[in-house]
Each structure stands twice: as structure tokens, then as C-alpha cells.
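1. for reference, the sequence and a predicted model appear below.
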Amino acid sequence: MRTGDPLPPVEDVLSALATGLWRWDNRTGTVTFDAEAARLVGLPARHTTLSESGARARFHPVDWNEIDGIIRLAVAEGTLAEARLRIMDDRGRVVRTVRSRSKPVVAGDAPDLFEVIGTLQEVAEPPPGASARTPVTGDWRRSREAFLLDAGRALAEADSTAEVLRVAAGLSMPGFSPDGLAVFGVAGDRLTVIGHHGHQPGSEGPFTDMDLATDYPAAEVCRTGRAVYLSAPEEYRRRYPAAWPLAARFNRQSWAFLPLVVAGRTIGAWMAGFAYRVTFTPDERSVLTTVARMLAQALSRAGVTESERALTDGLQKSMLPTIGPEIPGMTIAARYVPTGGGLQVGGDWYDMIPLPSGRIALVIGDVQGHDVQAAGLMGQLRIALRAYASEGHRPDAVLSRASRFLYGITAGAADPAGPADQRFATCLYVEADPVTGTLEVARAGHPDPAIRTADGTVMMRPTAGGLPLGIDPDADYPTTPLALEPSETLLICTDGLIETGGHDLDSGWSRIRTTLETVPADNLEELADALVQAVHGPSSHHTTGPLADRREDDIALLLLRRATESRVPVTARRTAMTVAQAEPERIAVARQQLRELLHDWTDEDQVDSAVLMVSEMVTNVLVHTDGDALLVAEVGRGCEGPRRLRVEVADASDDLPHKRRPGELASSGRGLVLMELLAQKWGVDPRGEGKSIWFELYEPPAPVRDPAPAPDPDPADRGGPGVAQSAVSRGTAGSGGPL
């Protein structure tokens, strides 16, 4: 070679120096050798790409484990990786020793993903007493034990048959590695293929359904429970001449067929095929036998888990009804989500029941407990409720009968000599009229329903209730009437939707309310999915409630939406409730309902005024009449102008209110004075039976911040004549009295 001549190719130079190049990419799990490197590791002298397990089989197992640690240390320190490696032949003998120098390069930001490019060069054996390689920390037996520990851990974590097969296919055995795997199962007197790896799709066809009496190694293993080792094709052909044509097309050199034994019973066979000849030494057979035992245990566990899942799905589907038939003028959606523990069945349920009257009944409930007994009681209780409802009983009567039924099959039927396993259930029963939107609600210790109005406002609707079912066989369940207006949506659910994620009733409802208000209700299926996602989705892990250690619960929910009518403005929102003579405490509920209705009203003073007037009006009905008060409040917007609040309180008394002049120390008589001071419009309307008194407020525009505040106008300038219209002026709160 003369000065100035071009340099020869690098590969020619390295080949002349008997030095090969190799490349290990653990992102793809492949090891590539050039022709010289392939010759050095005992392969044909041509460019070759192997899997990690295939490459590992060419080196002494201790050396491979050692260089793996050296490379990872070099990655961490940014240095070269250098080691001596012993090359093994197919019989497990050392044929040469090579020296490897390589530079690991990290791929991206993940330190566990790297690429190694290095050289391989044969070195002479060291003199006696000298170290042939860098010091090692163990021997072949220690490497085998480490492999078995890793394999056992990976198989123990697999929770399905597919995952077990995937883990088994990825096992890299010390000193030797199969290039084809197959797992056979036994179904009656037939041999079936559960899964395979290293074969083309469809190649398992001849082995899929085979008689156990067939002269095939896997069938013999399943019959006898003893392993079969075939070290050469000649041995396979001699022992199994009938099956040899099926195996010959895979071009393998050695096979191991091992029994899969669980609790003394052979459940199948495991086949490991090798592209090179393996003598199956005692150590190698020990490794294969141990892997087969772990594989059998993993497959048995996965089979039990999958059977439980199938049982769960079948049990839950048989207990939960399908929502139907279609309801004219209404749409409905339902969801059930188990906790994920055990059999994934519990006591939550929902139901929709067509009634003889043409109405429909919606039922949702939760039996105490998260076990099979709770699921069984739930199924019985659901059938009982459906039977009582189908007979045409009122909601309160349905729950009373259901409570007596549950008490009878738990506490009432318990053995007096033994402990009683009394169970109770919460339940919400809603009878809905699709024509008018009227709802009759009876509640047994269950969370109250919520209604989303046409403009997206969500309000809890407090209802009267009784004890949970099954506690008192003589319990009463009062009924609360509600109205579902066009474009409004009713939500009823079990407490799992509210409290999952460690939430209590307050924080849980705040989360659910946000979802109800932000997700459009036009498609109930999407809204139902959004509610479940808010509880179980990724975002729920960032909104853990104050009770994070609380056990998770099942979720059941029902959504009912009344269709929009063209004559009803979609911006209207409305609430209605009855305050009975015997329930003065519901006046506070009425005030809260009105505040929720006006949650986005721009004038807080008007909100306070409206709440004060409602409290005064309802109190006067309870004090000065013998009947109940019916409160109806509505917020709407006409074609033009601001939003209007109209509140009406009706009663059954024919006595019209009149203005009084109370003395300074009088405790009543200021009702009409408050109305004149606080309402923009108000009036009294006689009815055929009774009367109603009403008031209206108009929302002012949003305040504009000026540098200098405008002077307060004279209250006298904002007045209006007569009983039908009063002043807007603010007044101090007076005590209750006849209007």
C-alpha cells in the first residue's frame, strides 16, 4: 500500500485482523454479528441476526450475565465495556475464548434502553493459575437459580392465559434457549393447543384437535405424566414415526416435552423446540422441569381467574336487566360498574318496570355487603320489587312490602339458636308519568335524586324517606312528588358513584355535579360514560377525597331525560316542592332549593330577598291555614329583556291576605310590607279551591365598575301602586305573620 492510496474498507481490515463486529440493541431485543463475529461464536461465517435468547445460548451463562452487568455499569458511567467471553458449542463445551470491547449508547431518555456496538476477537487461553476473564460473581448453578427466580416472579404476576404464554415465550434460559414453544391442554380425550410461539400462524392446525391415543410426544406426556426428551431428529423419527412428518417441516434439531402437573393431575404438556442439538444434561433437564412446574401453576391460576371473570359476567348480566322498552317522550341510560375485587359482584342493582297504569317505575338500590350472598339477596329483592310494582301498588306500598320481604328472608328467617345474618338494603323507587313528567319518589335510606335543568343547572331534590329495607318490617315510606320538565334530566345512583375515591357525600356530590353541568345531556349514553369516567378515569386519581382509606364500592346509576317540547324555552329552569303541615323543617329545604335555582343570579341582594320572601310565604301558610304549602319557582327569559324569577306559593285556604298595621312590639303582620319592599311585582290569585300568592324579580345587568359610585336613588322613585305591584326598595326582615 503506497502513500496517498485510499484506505481499505474497515470490514476488510478487521477481517484481516480476525476481529468481528457485533451490535446488541435491547430496544428490539436483537443481536447482530458480521461474518467474522458469527464465525467466532460458532455460527456460519455470514452476516447473522439473532434474538437475545439465541445469542445468549452461544456464550457461557456466567459470562453472559457478567457482561450484562458490565454493560449496564458502562451505561451508567459513560465508559467502555470490556470482558472475556467463553463460546460454547451445542454440547455445552467451551470451544474458544473471545475478548469484547464495546461502547454502550443510551437510546433516548430511558436508561434501560441502550445500543451496544463492539468488537469480538479470539484470545489465547491464559496460563494455568491466570484468570481467563474478568472476575465473576457466581457459577452456572448460581446463574440458573437467578434465572428461575426471575421466571417465577414473571409467571406469578401473569393474570391471564395469554399473559402466561407471553412470559413463557420471553424466557431466556441459561446456556440454551428454545426457538419454538407450544402449550398443549387436555379436553376430555382430546389434545388441544392452548398457545404457541415461534411458529407461523396456522401452523398449529394439525395439532389443534388430536386424540390422546395418537403416537405423538405431547399426547404420550399427557397420558403417562413423564417427560420426553429427543436430542436429534433421528431419535424423533425412530420413536414416533407417525408424528415425524408433522414435526419435520419445522427444521428443528432437539425437542423437550414436559408434563404440566397441578395437584398431582396432568393438565397438559409443554414443548420446547431447539434449532440446534441439545444433549439435555441433568442440569438442563432440571431447569426445564422447574420451568414446567411454574408454568403449570401459572396456567392453573390464570384459568381460575378467567373462569371467575366468566362467572361474574354471566351472573351480573343475568341479574341486571336490559333497559327497555322505549319510553315515548323520554330517554333512559344505565350503568353498573363493579369494584374489581373478588367475583366482581355485589348488592347494587337497577331496574325499569312498565306499570299497568302506563307509567314506568325506576328502581335503584344497594344490598349491604360485597359478596355472593349480597348478590343473591339483590336478585331476590329485585324480583320481589318487580312483582309488587307490576301488581299496581303505589311507591310507598311497594317499598313497605319489599322491606317486609327482605326482613323475612334475613332476620325473620334466622335460626334462633345461631347468630342472625341480618342484611339491609337502601332503595330509591321512582314512578314516572311519561306524558306529564310527574315523578312520585319513595326513598329507603338511599341518596336523594338530582335533576339537571334545561340550562344545565344541577339541583339536589330532597325527598322524604324511611329506614333501609329489611330493618323494620312495619316501616313507612312517604312519597314525595316532583316534576320533570321538558329537557330536564333525572339522576339516581348508589353511593358508590358519590363516595368512590375516598369522598364523602359533600365532596362526592360536588364532583358529580361538575360533570353533570359540563357534559351535554343530549346524549345520555355519553353522559353516563362521563359520570363513570369522572369516578374511575385517570383524572379521578388527582381528586382523592378526605376518606382515602375507605373501601371502594360498586356503582349503579340511572339517567332519565324528558324530551324537549318546542313551546317550552330551553333556558327555563323550575323547581317545585310541597311543605306539609307536619314538616316545618322543610322550609329550610325550600330556601336551599331556591338558592340553588339562583346560583348564577347576578344580584346577591335579590337572592337574599327572594329567600326571605319564600320563607315568609310558606311560614304563613303553615301557621294560618290547615293545609300544605305548594311552592313553585321558575327562572326564565322571554323573547327580550332580562331573566325573570317567579315564585308562587299555593294553599287550600280561601281567606285572602290583607295589609295590617302591626304595633312596634308585634311579632307578626308584616308579610305584605315585606312583599311591597322587596318584590318588583307581586299579587294574590284566587283559585277554585284556595289561593296562590306570587312575586317576581327581574335580574339586573351585571354591574359595571365606575371610578365613582353612582348615588343610591330615592326609594320613593322606584315605587308602584296597589297590591298587584309594589316597590323594589329593600327593607329589613320582619317576623312572620298573616299576609
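-> Okay, I see it. Numbering: from 1, shown residues only.
2. so how many other residues sit close to residue 574?
-> The burial count assigned to residue 574 is 19, neighbours taken as other C-beta atoms under 10 Å. Using the backbone N, CA and C atoms, a C-beta is placed for each residue, glycine as well.
3. residue 27 too?
-> With other C-beta under 10 Å as criterion, residue 27 counts 12.
4. before we move on, what about residue 631?
-> Around residue 631 there are 23 residues (other C-beta under 10 Å).
5. so what's residue 87 bridging to?
-> Beta bridges link residue 87 to residue 59, residue 96, judged by DSSP bridges.
6. any idea how far it is from residue 466?
-> The gap separating residue 87 from residue 466 is 83 Å, by C-beta to C-beta, to the nearest Å.
7. can you pull the buried residues of stretch 364-378?
-> Within stretch 364-378, the residues that count as buried by 16 or more other C-beta atoms under 10 Å are 364, 365, 366, 367, 368, 369, 370, 374, 375, 376, 377, 378.
8. before we move on, what about stretch 598-607?
-> 598, 601, 603, 606, 607.
9. doesn't the fourth one belong to a strand?
-> No. Counting by DSSP: H, G, I helix; E, B strand; the rest coil, residue 606 is not part of a strand but helix.
10. list the contacts for it?
-> For residue 606, the contacting residues are 645, 697, 699, 700, by C-beta atoms under 8 Å, 6 or more residues apart in numbering.
11. among those residues, which lie within strands?
-> Among these, DSSP state E puts 645, 697 in strands.
12. how about TSV for the contacts of residue 606, with neighbour count, distance to residue 448 and pLDDT added?
-> Formatted as TSV, the contacts of residue 606 follow (neighbours: other C-beta atoms under 10 Å; distance: C-beta to C-beta, whole Å; pLDDT from 0 to 100):
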residue	neighbour count	distance to residue 448	pLDDT
645	22	24	91
697	26	27	93
699	18	28	90
700	14	33	88
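13. just to revisit the earlier point, the buried residues of stretch 598-607: which two are farthest apart?
-> Spanning the widest gap among those are 598 and 603, at 9.3 Å by C-beta to C-beta.
14. joint contacts of the two?
-> With C-beta under 8 Å, 6+ apart as the test, residue 598 and residue 603 reach no residue in common.
15. shaky segments in the stretch 151-300 of the chain?
-> 169-176, 198-206, 282 (pLDDT under 70).
16. now do the helices in it.
-> For the stretch 151-300 of the chain, the helices defined by DSSP state H, counting those that start in this stretch cover 161-169, 205-208, 217-224, 233-239, 244-248, 282-319.
17. quick one: closest of those to residue 69.
-> In terms of C-beta to C-beta, the element of these nearest to residue 69 is helix 282-319, at 21.0 Å.
18. helices and strands around the closest one, which ones?
-> Judged by 3 or more C-beta pairs under 8 Å, 6 or more residues apart in numbering; DSSP states H and E, helix 282-319 is in contact with helix 140-157, helix 161-169, strand 254-262, strand 265-274, helix 372-390.
19. okay, angle between it and helix 217-224 too, please.
-> On the basis of axes from the mean of the first three to the mean of the last three C-alpha atoms, to 10 degrees, helix 282-319 is oriented at 80 degrees to helix 217-224.
20. tell me which of the helices of the stretch 151-300 of the chain lies nearest to residue 396.
-> With C-beta to C-beta as the criterion, residue 396 lies closest to helix 282-319 of these, at 25.4 Å.
21. just want the angle from the closest one to strand 265-274.
-> Put simply, helix 282-319 runs at 120 degrees to strand 265-274, going by the same axes, to 10 degrees.
22. what are the buried residues along helix 282-319?
-> 284, 287-288, 290-303, 312, 315-316, 319.
23. same check on stretch 530-537?
-> Within stretch 530-537, the residues that count as buried by 16+ other C-beta under 10 Å are 530, 531, 532, 534, 535, 536.
24. mean confidence score for that stretch?
-> For stretch 530-537, mean pLDDT is 83.
25. what's next to it, contact-wise?
-> 335, 337, 491, 493, 496-497, 500-501, 511-512, 514-516, 519, 539-540, 555, 557.
26. from those residues, which would you call buried?
-> Buried by 16+ other C-beta under 10 Å: 335, 337, 491, 493, 496-497, 500-501, 511-512, 515-516, 519, 540, 555, 557, out of these.
27. of all the residues you listed, which two lie farthest apart?
-> Pairwise distances across those peak at 19.3 Å for 496 and 519 (criterion: C-beta to C-beta).
28. in this structure residue 479 contacts residue 442, no?
-> Yes. Here residue 479 reaches residue 442: they are 5.1 Å apart, a contact under C-beta atoms under 8 Å.
29. give me phi/psi at residue 583?
-> phi -130, psi 60 (degrees, to the nearest 10).
30. mind listing what the nearest residue to residue 433 once chain neighbours are set aside touches?
-> Leaving aside its chain neighbours, residue 433 sits nearest to residue 359 (5.2 Å; criterion: C-beta to C-beta, 6 or more residues apart in numbering). Residue 359 is in contact with 431, 432, 433, 434, counting by C-beta under 8 Å, 6+ apart.
31. cool, residue 332 as well?
-> With contact set as C-beta under 8 Å, 6+ apart, residue 332 has these partners: 323, 352, 362, 524, 558, 559, 560, 561.
32. which one (most neighbours) among these?
-> Counting neighbours by other C-beta under 10 Å, residue 560 leads these with 27 neighbours.
33. residue contacts, it?
-> Residue 560 neighbours (C-beta under 8 Å, 6+ apart): 330, 331, 332, 362, 430, 432, 484, 489, 490, 492.
34. let's see 6 Å
-> Going by C-beta atoms under 6 Å, 6 or more residues apart in numbering, residue 560 touches 332, 490.
35. thought residue 96 was touching residue 87?
-> Yes. In this structure, residue 96 is within contact of residue 87 by C-beta atoms under 6 Å, at 5.0 Å.
36. compare the two (neighbour count), which wins?
-> Set side by side, residue 96 and residue 87 show more neighbours around residue 87, with 20 against 16, by other C-beta under 10 Å.
37. assign residue 399 to helix, strand or coil.
-> Per three-state DSSP, the secondary structure class of residue 399 is helix.
38. so how far is residue 470 from it?
-> 11 Å.
39. pairing partners for the helix or strand hosting residue 491, with directions?
-> Secondary structure assignment for residue 491, by DSSP states H and E: strand 489-493. Strand 489-493 pairs in its sheet with strand 450-452 (antiparallel), strand 555-562 (antiparallel), by DSSP bridges.
40. save those strands as a markdown table, and put in distance to residue 47 too.
-> Shown next, in a markdown table, are these (distance: least, C-beta to C-beta, whole Å):
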| stretch | distance to residue 47 |
| --- | --- |
| strand 450-452 | 68 |
| strand 555-562 | 58 |
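41. contacts only, for the residue nearest to residue 382 when sequence neighbours are not counted.
-> Closest residue to residue 382 apart from its sequence neighbours, by C-beta to C-beta, 6+ apart: residue 349 at 5.2 Å. The contact partners of residue 349, by C-beta under 6 Å, 6+ apart, come to 365, 378, 382.
42. measure how buried the last one is and give me the count.
-> It stands for residue 382. When neighbours are counted by other C-beta under 10 Å, residue 382 comes out with 23.
43. okay, the residue nearest the centre of the chain and residue 602: tell me how far apart.
-> Nearest to the geometric centre of the chain sits residue 536, at 4.3 Å (C-alpha atoms, centre = their mean). Relative to residue 602, residue 536 is positioned 37 Å away (C-beta to C-beta).
44. ok, now residue 278?
-> From residue 278 over to residue 602 the distance is 84 Å, taken as C-beta to C-beta.
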